[in-house]
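Colleague: Mind folding the following:
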Amino acid sequence: MDCESVEAKQAIDICLLAGKMILQSGGETVRVEDTMMRLTSALGYPNAHSFVTPTVILFSIDGHEPNTRIFRISERSTDLRKLAEVNDISRKIVEGGVRPEEAYERLKRLDEEKRSYPLALQAAGAALVSGCFLIMFRGGWPDFIPAVLAGAAGYVAFVWIHRFVAVKFFAEFLAAFVLGAISRLFVYYGLGHDLDKIIIGSVMPLVPGVLITNAVRDLMAGHLLSGTSKGAEAFLTAFAIGAGIALVLSI
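Modeller: Numbering: from 1, shown residues only. Here you go, the predicted model:
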């Protein structure tokens, strides 16, 4: 690959697109900046600068001020498949195994893909996770089915409510209320025994584990702004879940 033939605009387009997909797919800030720096160096521009937060990517190359770009991140989720494919493409660029034009087209196709697992399969996964966490927290096998059903119902409620309500924390609050109410009904009618363990197991699919992990990693890497903001988002999510459960228990 002839690095000198890669224009600055094309290099920035490739880096911004890769960084955007990593950030939107649940990658931490330090991974985004590291990937972008490695790409620009491989494309012939070692003197590049990036500033990444959970909502903004600012990127420029020395000597090419008109090509300084800013990108707004409005939606974030967890998509490990897309994250792995972006990493694979970026490694091939660094190793010289793919031309920049081809890499950009592959990144564009990957970005435009809307593949996701069917809701039924996601609900089945949430149900299995809920049941396994119940057992891990030393819950009894008689409570396994209630935890499975409550966890699946809570996750489906979150997905459906979030489709109509843009505020994620409100959707998490209502989802926690739904699974808490279902868990309480199981215990009330004698189909479940330990309400605490059922709720703990069924609420786990909603817990912001990726956010907490990324917040800690960003803080340890010195990205204080990103780490603090992700930690605050994780705290709000945990608060919304706790408030939904607390409302059920107080009724």
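Colleague: Pull the contacting residues for Thr40.
Modeller: Residues in contact with Thr40, defined by C-beta atoms under 8 Å, 6 or more residues apart in numbering, are Ala11, Cys15, Pro46, Ala48, Ile61. C-beta coordinates here come from the backbone N, C-alpha and C atoms, glycine included.
Colleague: Is it correct that it falls within a strand?
Modeller: No. Going by DSSP: H, G, I helix; E, B strand; the rest coil, the assignment for Thr40 is helix, not a strand.
Colleague: Need phi/psi at the closest residue to it other than its chain neighbours.
Modeller: In this structure, Thr40 finds its nearest non-sequential neighbour in Ala48, 3.9 Å apart by C-beta to C-beta, 6 or more residues apart in numbering. Geometry field for Ala48 lists phi and psi as phi -120, psi 160, criterion degrees, to the nearest 10.
Colleague: For Ala48, list the residues it contacts.
Modeller: Cys15, Met36, Met37, Thr40, Ser41, Phe59, Ser60, Ile61, Asp62 are the contacts of Ala48 under C-beta under 8 Å, 6+ apart.
Colleague: got those residues as JSON lines, with secondary structure and distance to Gly27 columns?
Modeller: Shown next, in JSON lines, are the contacts of Ala48 (DSSP: H, G, I helix; E, B strand; the rest coil; distance: C-beta to C-beta, whole Å):
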{"residue": "Cys15", "secondary structure": "helix", "distance to Gly27": "14"}
{"residue": "Met36", "secondary structure": "helix", "distance to Gly27": "11"}
{"residue": "Met37", "secondary structure": "helix", "distance to Gly27": "14"}
{"residue": "Thr40", "secondary structure": "helix", "distance to Gly27": "17"}
{"residue": "Ser41", "secondary structure": "helix", "distance to Gly27": "19"}
{"residue": "Phe59", "secondary structure": "strand", "distance to Gly27": "16"}
{"residue": "Ser60", "secondary structure": "strand", "distance to Gly27": "21"}
{"residue": "Ile61", "secondary structure": "strand", "distance to Gly27": "22"}
{"residue": "Asp62", "secondary structure": "coil", "distance to Gly27": "25"}
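Colleague: Settle this for me: Asn86 is touching Leu110, isn't it.
Modeller: One correction, residue 86 is Val, not Asn. Yes. With contacts counted by C-beta atoms under 8 Å, Val86 reaches Leu110, the gap being 6.8 Å.
Colleague: In stretch 85-94, which of the residues would be classed as buried?
Modeller: By neighbour count on 16 or more other C-beta atoms under 10 Å, the buried set for stretch 85-94 is Glu85, Val86, Ile89, Ser90, Lys92, Ile93.
Colleague: and the first one, what element?
Modeller: In the assignment (DSSP states H and E), Glu85 maps to helix 80-95.
Colleague: Which elements pack onto whatever helix or strand comes next after that helix?
Modeller: Following helix 80-95 in sequence order, the next helix or strand is helix 100-112 (DSSP H and E). Packing partners of helix 100-112 (3 or more C-beta pairs under 8 Å, 6 or more residues apart in numbering; DSSP states H and E): helix 8-24, helix 80-95.
Colleague: Take those and write them to TSV, including mean pLDDT and distance to Arg106.
Modeller: What follows is these, written out as TSV (pLDDT from 0 to 100; distance: least, C-beta to C-beta, whole Å):
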stretch	mean pLDDT	distance to Arg106
helix 8-24	88	10
helix 80-95	89	6
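Colleague: Take those and lay them out in a markdown table including distance to Tyr104.
Modeller: Listed next are the helices and strands packed on helix 100-112 as a markdown table, based on distance: least, C-beta to C-beta, whole Å:
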| stretch | distance to Tyr104 |
| --- | --- |
| helix 8-24 | 5 |
| helix 80-95 | 9 |
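Colleague: Nearest to Pro118, out of the ones you listed?
Modeller: When the helices and strands packed on helix 100-112 are compared by C-beta to C-beta, helix 80-95 sits nearest Pro118, at 14.6 Å.
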